[in-house]
Every structure is written in structure tokens, then in C-alpha cells.
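1. what follows is a protein structure lacking sequence information:
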């Protein structure tokens with residue numbers, strides 16, 4: 001569960017998480033913090049599929065909703081299935097919303113493991 005007590009802590013945690021997941025999303029906006037109880041921050045995230053969602057972080061975790069003012073989300077889509085459901089981590093939320101994120105994460109892990117293997121082979 002997210003652990004922040006101040007507006008600054010919330011902003012730092014959310015910004016760091018977004019940067020750390022940049023390999024698996026097209027883009028994101030700088031998080032905006034809303035001074036309410038509990039503290040809440042939001043960022044517009046464009047998934048690799050081109051879908052635009054608003055990702056929020058508060059004490060219950062990460063949630064996503066449609067970026068449009070319309071409440072109409074296509075039924076049966078990942079966003080429809082997971083809208084407003086809190087996730088403990090940004091990774092878990094993105095995995096639920098985006099098969100492309102899943103593939104990007106897999107590719108990143110694979111390339112890092114191959115690089116590690118090559119380094120070990122060169123040291124032998």
C-alpha cells in the first residue's frame with residue numbers, strides 16, 4: 001500500500017513510479033496533487049495502445065478512469081473491468097489495463113537478463 005504523509009511525499013512517489021514505468025507507456029503528464037483528505041494525485045497516462053486514462057494515487061492505491069468527461073467506457077475493455085478498482089502498485093494496474101505494457105515489461109526483463117548473461121560469459 002502506498003505510504004506517504006505529505007503532498008511532497010505523494011508527488012515524489014507518483015513521479016518516481018511513472019518514470020520507472022516509462023518503458024511501457026507512451027507518455028504521461030506531471031502528477032497534480034489535490035489537497036483533500038486523503039491526499040490524492042492524478043496523471044494523464046497514454047498507454048502503448050494509444051488509450052488515454054487518468055491514473056490516480058491515494059492511500060487506497062492506484063486507480064484508473066477514462067480521461068474523457070463521458071462516463072461511457074466500452075464494455076468489456078480492461079478499463080471497464082478495472083475502473084476505480086484500487087491496485088497496490090502501478091505495475092499491477094498497468095498489467096491489468098494494457099497487454100502492450102505486459103509485453104514491454106517482458107521485453108525489458110529479457111534484455112536485461114541477456115545482458116547479464118553476456119557480462120558473465122565475458123568474465124569467464
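-> Everything's here; your move. Keep in mind the model is a prediction, meaning the values are calculated, not measured.

2. and residue 85, how far from residue 15?
-> 23 Å (CB to CB, to the nearest Å). The C-beta positions use only the backbone N, C-alpha and C, and glycine is treated the same way.

3. and if you look at residue 31?
-> Plainly put, residue 31 is 6 Å away from residue 15 if you go by CB to CB.

4. the residue nearest the centre of the chain - nearest residue in space that isn't next to it in sequence?
-> Among the residues of the chain, residue 90 comes closest to the average C-alpha position under CA atoms, centre = their mean, at 3.9 Å. Sequence neighbours aside, residue 17 is the residue nearest to residue 90 in space, at 4.5 Å (criterion: CB to CB, 6 or more residues apart in numbering).

5. all helices for the chain, in order.
-> 7-20, 78-82, 90-97, 99-123 (DSSP state H).

6. if you compare the ones you listed, which one is most tucked away?
-> Highest mean neighbour count of these: helix 90-97, a mean of 20 (counted as mean count of other CB atoms under 10 Å).

7. mind giving me the packing neighbours of it?
-> strand 52-58, strand 61-66, helix 78-82, helix 99-123 (3 or more CB pairs under 8 Å, 6 or more residues apart in numbering; DSSP states H and E).

8. show the average pLDDT along the first one.
-> Spelled out, it's strand 52-58. Across strand 52-58, the average pLDDT comes to 93.

9. repeat for the longest one
-> What helix 99-123 shows for mean pLDDT is 91.
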